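Chemist: Got a sequence here, can you model it:
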Amino acid sequence: MVKRIEVVGAVIVRDGLVLCAQRGPDAKLPGLWEFPGGKVESGESPREALEREIREELGAEVKAGDQVEVTVHEYAFGEVHLTTFYCDLLSDTVTATEHEAVTWLPRSDLLQLEWAPADIPAVRAVMERLSAA
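Modeler: Modelled structure (predicted):
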């Protein structure tokens, strides 16, 4: 039976730029880019998990808002169910504590990164929304 992994990702947009995070060399899917976030723990709502994960991974406070996308992708290590949410960044800065790097990119540059496959549908949804704005 395939292991089901429930994860959440934060789509943080500030001044027209989107926050992107690169997975570290020791992580699953090393070097790939993603929307920062992590696993939903027992007893947490997805939004609560996301706000906790951003505190842990980026040292920042966010308020999770509208859902962007739900993606299911099967990897060798399990089936990832990724739910992404637009988040308001309440902190002035973010600091990569678990990622190799974080960067802010305009919509037009997002597809230049090598994204984790589960994140790609959300990337496309974000690009579409920002092009309409």
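
Chemist: can you give me the helices in this protein?
Modeler: Counting by DSSP state H, the chain has helices at residues 46-58, 120-132.

Chemist: pLDDT (mean, whole number) over the first one?
Modeler: Across helix 46-58, pLDDT averages out at 97.

Chemist: What of the last one?
Modeler: For helix 120-132, the mean per-residue pLDDT is 94.

Chemist: and it, what other elements does it pack with?
Modeler: If you count contacts as 3 or more CB pairs under 8 Å, 6 or more residues apart in numbering; DSSP states H and E, helix 120-132 packs onto strand 4-14, strand 62-75. For the C-beta atoms, the positions are set from N, CA and C on the backbone; glycine is no exception.

Chemist: ok, and what's touching it?
Modeler: 9, 11, 13, 16, 18, 35, 68-69, 71, 82, 84, 107, 110-111, 115 (CB atoms under 8 Å, 6 or more residues apart in numbering).

Chemist: out of the helices of the chain, which comes closest to A64?
Modeler: helix 46-58 (3.9 Å; CB to CB).

Chemist: So G78 sits against E6, correct?
Modeler: No - counting by CB atoms under 8 Å, G78 does not reach E6; the two are 10.4 Å apart.

Chemist: OK, contacts around the residue nearest the centre of the chain?
Modeler: Nearest to the geometric centre of the chain sits F35, at 2.0 Å (CA atoms, centre = their mean). Contacts for F35 (CB under 8 Å, 6+ apart) come out as G9, A10, V11, I12, L19, C20, A21, T84, D119, A122.

Chemist: These into TSV, with extra columns for neighbour count and distance to T95?
Modeler: Shown next, in TSV, are the contacts of F35 (neighbours: other CB atoms under 10 Å; distance: CB to CB, whole Å):
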residue	neighbour count	distance to T95
G9	26	18
A10	28	15
V11	26	19
I12	24	14
L19	22	12
C20	23	15
A21	25	11
T84	29	21
D119	27	21
A122	23	23
